[in-house]
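**Q** pasting the structure only:
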């Protein structure tokens, strides 16, 4: 039971340790923030989802990239379509909540919602993300 509890507490303890390290050293801890990629059918849906994300304060910044061509397999068939891509900059700790929320409002049966941690970047920009997205 102690081992199970320790494993369950590990993410919380790691997060606290990283926050303490960052506060003491003033340095950025890689992976504190992430970029989420979300695909959308058209520009209107992209704008609506981006605004909803911002209204919920689940991101500091959303970039809406213009129409691009996509190739993918769907139900065993090769499909080709156009899509709009959102790049969502947020705290890594918000990715689960962001993903749940987007799935609840997205018109696709299985929307693309993937994220990558931010390893490094402009310290002032990363601090701004931190200040713009409320802590859990």
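**A** Structure received. Just so you know, these numbers come straight off a predicted model, no measurement behind them. Residues are numbered from 1 along each chain as shown.

**Q** what's across from the most centrally placed residue in the chain in the sheet?
**A** For the chain, the residue nearest the mean C-alpha position is residue 36 (3.5 Å; CA atoms, centre = their mean). Beta bridges link residue 36 to residue 88, residue 115, judged by DSSP bridges.

**Q** that one and residue 95 touch, don't they?
**A** Yes. Assessed by CB atoms under 8 Å, residue 36 is found in contact with residue 95 at 6.3 Å. Any C-beta I mention is one placed from the backbone N, CA and C, and that applies to glycine too.

**Q** joint contacts of these two?
**A** residue 115 (CB atoms under 8 Å, 6 or more residues apart in numbering).

**Q** need the three-state assignment for residue 47.
**A** helix (DSSP: H, G, I helix; E, B strand; the rest coil).

**Q** what sits against it?
**A** Contacts of residue 47 by CB under 8 Å, 6+ apart are residue 64.

**Q** and the gap between it and residue 72?
**A** 23 Å (CB to CB, to the nearest Å).

**Q** strands of the chain, start to end?
**A** 33-40, 61-74, 77-91, 113-117 (DSSP state E).

**Q** just say which of these is most tucked in.
**A** strand 33-40 (a mean of 22; mean count of other CB atoms under 10 Å).

**Q** show me what contacts the residue lying closest to residue 91 once chain neighbours are set aside?
**A** For residue 91, ignoring the flanking residues on the chain, the nearest one in space by CB to CB, 6 or more residues apart in numbering is residue 133 at 4.9 Å. Taking CB under 8 Å, 6+ apart, we find residue 133 in contact with 57-60, 90-91, 94.
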